[in-house]
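**Q** Have a look; sequence and predicted model below, questions after that.
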Amino acid sequence: MPSLTLLHSSTPEPCAFPSPNLAHFVITSEIEPSALPRILENFALRNLTPHHMEVQQGGDQLHISLSVAGLTTQERDHLHLRLLNILPVLSVDLQTP
């Protein structure tokens, strides 16, 4: 039975004034070694570093949750479409304030 894996980026101090344009992506992917690097590449190519990232392996899927600030609506929507086109990605849920 696969073990549950939980990864956290370094935890920043809580911000009293969270960014109004924070985008939160909830991604479900098949378990493949290349899935996470392919997903993160889309942010790196745009010089973006997630503020928060969490990865859990459950059953035969990866559940990835990450938050990024500083995106325009157009950038956020474009990233959403790009993430949906990654081969092992099954779904992308975009949550905004």
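**A** That came in fine, so what should we check first?

**Q** need the strands for this protein, in chain order.
**A** Ranges of strands in the chain, per DSSP state E, are 6-8, 23-30, 52-58, 61-68, 89-95.

**Q** The fourth one: partners in the sheet, and parallel or antiparallel?
**A** Which is strand 61-68. Sheet pairing for strand 61-68, assigned by DSSP bridges, gives strand 23-30 (antiparallel), strand 52-58 (antiparallel).

**Q** Now render the strands of the chain as CSV, adding distance to Leu81, mean pLDDT and mean neighbour count.
**A** C-beta coordinates here come from the backbone N, C-alpha and C atoms, glycine included. Formatted as CSV, these follow (distance: least, C-beta to C-beta, whole Å; pLDDT from 0 to 100; neighbours: other C-beta atoms under 10 Å):
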stretch, distance to Leu81, mean pLDDT, mean neighbour count
strand 6-8, 25, 49, 9
strand 23-30, 12, 97, 19
strand 52-58, 20, 96, 15
strand 61-68, 15, 97, 19
strand 89-95, 9, 97, 15
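
**Q** Take those and write them to JSON lines, including distance to Arg76.
**A** Below are the strands of the chain laid out as JSON lines (distance: least, C-beta to C-beta, whole Å):
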{"stretch": "strand 6-8", "distance to Arg76": "23"}
{"stretch": "strand 23-30", "distance to Arg76": "5"}
{"stretch": "strand 52-58", "distance to Arg76": "16"}
{"stretch": "strand 61-68", "distance to Arg76": "8"}
{"stretch": "strand 89-95", "distance to Arg76": "7"}
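
**Q** thinking again about what came up before, nearest to Ile86 among the strands paired with strand 61-68 would be which one?
**A** strand 23-30 (7.7 Å; C-beta to C-beta).

**Q** got the angle for the closest one vs strand 89-95?
**A** Strand 23-30 and strand 89-95 are oriented at 160 degrees to each other (axes from the mean of the first three to the mean of the last three C-alpha atoms, to 10 degrees).
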